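Asker: model this:
(one chain, ligands or ions: 2)
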Amino acid sequence: MSENKFEDLIYKKKTVFERESEEEISKMKEYGARYMKWLDKSKTEREASRNIIAALREAGFEEYDPKKTLRTGDRFFINNRGKNVMAAVVGSGDIEEIGIRISASHIDSPRLDLKPLPVFESDGVGYFKTHYYGGVRKYQWPTIPLSLHGVVVKKDGSTVDIVVGEDEGDPVFCISDLLPHLAGEQGTKPLNKAFTGEGLNIMICSSPALDEGKPVENDAVKINILSILKEKYGITEEDFLSADLCAVPATKAADVGFDRWLIGAYGHDDRVCAYPMLTALLDNAASPNHTLIAIFADKEEVGSDGPTGMKGKLFSDLVDKISRDLGADPAVVRAHSACLSADVAAAYDPNYPEAFEKRNSAILHCGVGFCKYTGHGGKVSTNDAGAEFSAKMRSLLDRAGVVWQMAELGKVDQGGGGTVAMFISTLNIDTIDIGVPVIAMHSPFEIISKGDLYEAHKAFSAFNAE
Ligand code: MN
Ligand code: MN
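Answerer: Residues are numbered from 1 along each chain as shown. Ligands and ions are numbered 1, 2, ... in the order given. Take a look at the predicted model:
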């Protein structure tokens, strides 16, 4: 008997290197390189929105006009407040019968937002006060170069775009840490206590304003900062009250390892899903059978609230509009629709095996991760995809030759997390989580596999093409 007699009985994860053709493998690094370039200029949801819209426009997508009746073949996008994009292609199939194919990722990432009145000085050094956004491990943010991104909107409505720290020759900013020689006491504190939210102050200036060659008497550093900002951007301290400004790592995406199969970067979560979702939409925008919607959401990292998050009403309004224009009942359309909730999975980290249950964890290079459920503490707060829908998606990916793996987020009761899946599935839409596995998720330098990234593109593409 051959030794393969029982092979079919056992589920075995295999890497892209074992499962993909030479031709496909050769495409992975090229695709990864394109993603890295895109990621470097998409460090905030606003920048990602801009770049997504530019790509959509180039592919013939038009800005959504609610007054226009939609028809088969229409391609359009909604620019939701510059922070959330929804793109759609109206397919040729019967929308009531086959529903809509939805993919949903998010384009916000953990970072340090500036407070409404951020500028202060202390003993000759000027700082920005921050309020961290999303699941940040505070100890990871001191002593790395930071760049400043965002917009200031003045009272007259004019907008000032700010990006400092990304271009060659730009200054960068930084949060300091103690020297080891004096960190004895700090070192005895638990990780989550040693660094505080109020301590994440960013150094931005260290010289005083001068008046006739002499330092001014009071608030000299602060006045110097505000003078520089006034000169460069025409803004005053009060203008910070209507601003979305944040600090992110100033580093660029880089190949990791001698073999260059990994990408280290800030903000993979979740642009590493948004990018393949975008390329898969563009690849299938010509004349799809299904109507396609691609959602690039904001605010996932802080609970999906607000008008640009997935709890917002815009998405269901869009489904209503498309359905009605095609003469269909939106409730029936939703009932027959399917959604891939595209968000990163936690990759098993061999350096921290204790946090994972390896059998059910995503393994690097074993393809895009399929997450039946996320949540925490006994599957609380999750969309647990049903067996029937899971089977349908499993079979779709297999037919398309996608390398994929089932993935769970760490050990039971080790922690947990959520995605936008539950907000879409409550609209009576079958939804499953799928995404690229990440090591060191939410850190300033997250790591992913170029192979897994490429398989994500293939997965979204197969889903759209059906
Ligand atoms: Mn995410
Ligand atoms: Mn996240």
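Asker: domains of this structure?
Answerer: 2-109+266-465, 111-249 (automatic domain parsing).
Asker: element containing Ile102, please.
Answerer: Under the criterion of DSSP states H and E, Ile102 resides in strand 100-106.
Asker: what packs against the next helix or strand after that strand?
Answerer: The first helix or strand that comes after strand 100-106 along the chain, using DSSP H and E, is strand 111-122. Strand 111-122 is packed against strand 125-133, strand 202-205, helix 220-233, strand 243-249, with contacts defined by 3 or more CB pairs under 8 Å, 6 or more residues apart in numbering; DSSP states H and E. (C-beta placed from N, C-alpha, C; glycine too.)
Asker: which one, of the ones you listed, ends up nearest to Val151?
Answerer: strand 243-249 (5.5 Å; CB to CB).
Asker: CA atoms only: put that closest one into CSV for me.
Answerer: Taking Å, rounded to 0.1, in the frame of the first residue of the first chain, the C-alpha atoms of strand 243-249 are listed here in CSV:
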residue,chain,number,x,y,z
ALA,A,243,-7.6,69.2,13.0
ASP,A,244,-7.1,65.5,12.4
LEU,A,245,-3.4,65.2,13.1
CYS,A,246,-1.5,62.1,14.2
ALA,A,247,2.0,60.8,14.6
VAL,A,248,3.0,57.5,12.9
PRO,A,249,6.3,55.7,12.5
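Asker: you'd agree Thr130 is up against Pro118?
Answerer: Yes. The criterion here is CB atoms under 8 Å, and Thr130 meets it with Pro118 at 7.2 Å.
Asker: the more surrounded of those two?
Answerer: Neighbour tally, Thr130 and Pro118, criterion other CB atoms under 10 Å: the higher count belongs to Thr130, 25 against 20.
Asker: how about the more buried one: what's its closest non-neighbour residue?
Answerer: Leu112 (4.1 Å; CB to CB, 6 or more residues apart in numbering).
Asker: count of residues packed around that neighbour?
Answerer: 28.
Asker: kindly state the beta-bridge partners for it.
Answerer: On the basis of DSSP bridges, Leu112 takes part in beta bridges with Tyr132, Ala247.
Asker: and it, what does it touch?
Answerer: Thr130, His131, Tyr132, Tyr133, Val136, Trp141, Leu146, Leu200, Ile202, Cys246, Ala247, Val248 (CB atoms under 8 Å, 6 or more residues apart in numbering).
Asker: what sits closest to Phe460 if chain neighbours are left out?
Answerer: Using CB to CB, 6+ apart, the nearest residue to Phe460 is Ala280, at 3.4 Å.
Asker: now the strand holding Ile102: average pLDDT?
Answerer: Averaged across strand 100-106, pLDDT comes to 98.
Asker: again, but for stretch 447-461
Answerer: According to the model, stretch 447-461 has a mean pLDDT of 98.
Asker: do you know the pLDDT at the residue of the stretch 301-450 of the chain found nearest ligand 1?
Answerer: Nearest residue of the stretch 301-450 of the chain to ligand 1 (CB to the ion) works out as Asp343 at 4.1 Å. pLDDT for Asp343: 96.
Asker: how close does it sit to His442?
Answerer: For Asp343, the distance to His442 equals 12 Å [CB to CB, to the nearest Å].
Asker: who has more neighbours, these two?
Answerer: Asp343 (28 against 19).
Asker: so who does that one touch?
Answerer: Per CB under 8 Å, 6+ apart, neighbours of Asp343: Ser105, His106, Asp269, Asp270, Cys273, Glu300, Thr419, Val420, Ala421, Asp433, Gly435.
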